[in-house]
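Participant: Sequence first, then the predicted structure:
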Amino acid sequence: MSHWARLPREEVMSTYTNGHVPDYRVAVIDELNHAAKAVEKYGLPVTATYTLEEAGTRLSELSKYQIIIVGVSLFPIRRRIVNELRRVAPDACLVFLRRAHEFSNGQSPLEVKNTVSADFMLSASSPDEVWLAAQSLKHMFPLPTTADLEPPAEAFLMDRVMKVVAAHYQDPNLNLRAVASRLNLSSGQLSRLLNRHAGMRFRQLLQQTRLEAAKQLLMTANCTTIKEVAFKVGFADSDYFSRAFKRYTGCCATEYRENSALQ
């Protein structure tokens with residue numbers, strides 16, 4: 001058993017804090033750079049940090065890291081990151097963080113209470129030592145509230161964008177202009193916000209939200225036809241839905257339903 005696996009939580013934290021850490025290449029992906037700040041507070045040397053947009057355009061670089069810490073929590077962006085990282089870095093140990101905070105009616109924050117917790121970990125074929133070191137890292141969380149974890153105004157705005165999309169994705173007429181109008185933004189402002197903090201265009205965000213919702217319906221609503229699923233999640237054209245679903249999941253909707261039933 002690894003030395004890191006035998007250490008109790010307090011000793012693990014102390015060991016990292018004192019700078020005695022395994023010599024692993026660690027990358028942090030976070031749309032607001034909070035994860036990197038939080039991890040470094042405990043003395044873990046971060047090899048490189050990426051914004052979500054940077055990670056999307058420099059995916060090939062991520063294959064060289066043994067531990068990748070992901071601070072992206074917004075749905076469905078996290079799902080996209082999981083898929084992409086598994087493709088380019090199948091041997092890396094992935095640690096996904098979650099930030100908890102309170103909002104006031106979806107507008108400006110009444111009070112913000114931030115904690116950072118390790119939500120879950122994935123490892124396909126990481127060596128035991130890497131996996132155990134990542135587990136030790138996971139045990140350091142949740143991190144306490146600090147001023148450095150205070151999200152800027154755009155973090156709240158992104159949360160509101162995601163809530164509007166989640167509430168209205170079933171509307172086949174939902175578009176960039178409609179969402180921007182609900183948030184008192186111009187279409188250009190919303191596009192730039194999504195590029196900076198989601199690394200995708202509005203059309204991609206909306207389609208991924210709809211397809212994730214379709215996956216849930218296909219797993220649970222056996223009496224619903226594929227065409228009905230398409231319309232329920234906001235696709236006006238069931239043929240286009242079928243093509244988009246296959247591109248997104250790698251299998252057709254019927255196969256996805258059948259495979260889900262077998263699990």
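Facilitator: Perfect, I can see it now. None of the values given here were measured: they were computed from a predicted structure.

Participant: Am I right that residue 224 sits in a strand?
Facilitator: No - going by DSSP: H, G, I helix; E, B strand; the rest coil, the assignment for residue 224 is coil, not a strand.

Participant: Would you mind naming the helix or strand containing the residue nearest to it when sequence neighbours are not counted?
Facilitator: Nearest non-adjacent residue to residue 224, counting by Cβ to Cβ, 6 or more residues apart in numbering: residue 217, 6.2 Å away. In this view, the C-beta of every residue, glycine as well, is placed from N, C-alpha and C. Per DSSP states H and E: residue 217 is located in helix 202-220.

Participant: From residue 233, how far out is the residue nearest to residue 224?
Facilitator: 7 Å (Cβ to Cβ, to the nearest Å).

Participant: If you count surrounding residues, which of those two has more?
Facilitator: With neighbours defined as other Cβ atoms under 10 Å, residue 217 and residue 233 compare such that residue 233 has more, 22 against 18.

Participant: hang on, isn't the more buried one packed against residue 210?
Facilitator: Yes - using Cβ atoms under 8 Å, residue 233 is in contact with residue 210, at 4.3 Å.

Participant: Give the residue spans of the stretch 101-250 of the chain that score low on pLDDT.
Facilitator: The model of the stretch 101-250 of the chain has pLDDT under 70 over residues 101-127, 129, 133, 136-152.

Participant: Strands along that one, start to end?
Facilitator: Remark: strands assigned in the stretch 101-250 of the chain by DSSP state E, counting those that start in this stretch are 115-123.

Participant: Show me the helices in it, by range?
Facilitator: 128-138, 153-168, 176-182, 187-197, 202-220, 226-232, 238-249 (DSSP state H, counting those that start in this stretch).

Participant: Could you report the separation of the residue nearest to residue 134 when sequence neighbours are not counted from residue 24?
Facilitator: Spatially, and ignoring its direct neighbours in sequence, residue 134 is nearest to residue 93 (4.3 Å; Cβ to Cβ, 6+ apart). Distance, residue 93 to residue 24, using Cβ to Cβ: 9 Å.

Participant: Overlap of the contact sets of these two?
Facilitator: Counting by Cβ atoms under 8 Å, 6 or more residues apart in numbering, the common neighbours of residue 93 and residue 24 are 66, 67, 130.
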